[in-house]
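Colleague: sequence and predicted structure below; questions after.
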Amino acid sequence: MRILGIDPGSNATGFGVVEHFAGSVRHVAHGVLRPPRGGELAARLEYLHRSIGEVVAEHRPDVAAIEQVFVATNPRSALVLGQARGALLSALAAAGLTIREYSPSQIKQAVTGDGRASKRQVQTMVRRQLSLEHAPASDAADALAAAIRHAHAGRLEAVGVIPRGSRRRRLGGFVVNVRPSR
């Protein structure tokens, strides 16, 4: 299965493509999409929509894994980030891709073992897990981490770290199933 990971941003959107087969994950490509600075927001959003469409056409992923929006302290920044995500999601949906969303802590947990890992720790672990010569830029590393998270999603659910279709709760750094009391 070929997975496209995306770390959305209005100024820099990271993308990473991995191949997942028989339990192993192999690097295919990564990069950062940078819309022209200072232009109109609509033009930047169109750039993201078009550019991620080109990435999809070139690498032909089966599924996309995208990082969910975190709550920003600046409401305007949160709105612009949401619009960037919308442009990206629209392009992915237009390409017919299945889209899975993961929180930043879920992605970090899957790649580093710590849901509060630093950007540097994520970069280091992505480089190690994918046997890259150099650590990718943080936006691309986050996108690759999202793809790795999706590659391991079935395994994490199978061992009960992230159960499907159940109420979830944080406990000791893990997301666990909460069974209703009888």
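Modeller: Thanks, I have it. Numbers count the residues shown, from 1 in each chain.
Colleague: which non-adjacent residue is nearest the residue nearest to the spatial centre of the chain?
Modeller: Closest residue to the average C-alpha location of the chain: A146 at 3.2 Å, with Cα atoms, centre = their mean. Leaving out its chain neighbours, the residue that sits closest to A146 by Cβ to Cβ, 6 or more residues apart in numbering is G5, at 3.6 Å. The C-beta positions use only the backbone N, C-alpha and C, and glycine is treated the same way.
Colleague: now name the helix or strand holding the one you found.
Modeller: strand 2-7 (DSSP states H and E).
Colleague: so how far is that strand from its chain's centroid?
Modeller: With Cα atoms, centre = their mean, to the nearest Å as the basis, strand 2-7 stands 6 Å off its chain's centre.
Colleague: again, but for stretch 89-102
Modeller: For stretch 89-102, the distance to the chain centre is 12 Å (Cα atoms, centre = their mean).
Colleague: likewise for stretch 95-106?
Modeller: On Cα atoms, centre = their mean, the centre of stretch 95-106 falls 6 Å from that of its chain.
Colleague: rewinding a little: quick one: contacts of the strand holding G5?
Modeller: Identification of contacts with strand 2-7 by Cβ atoms under 8 Å, 6 or more residues apart in numbering yields 13-20, 28, 52, 55-56, 59-67, 88, 92, 97, 139-140, 142-151.
Colleague: residue boundaries of the strands in the protein?
Modeller: 2-7, 13-21, 24-33, 63-67, 98-102, 168-171, 174-177 (DSSP state E).
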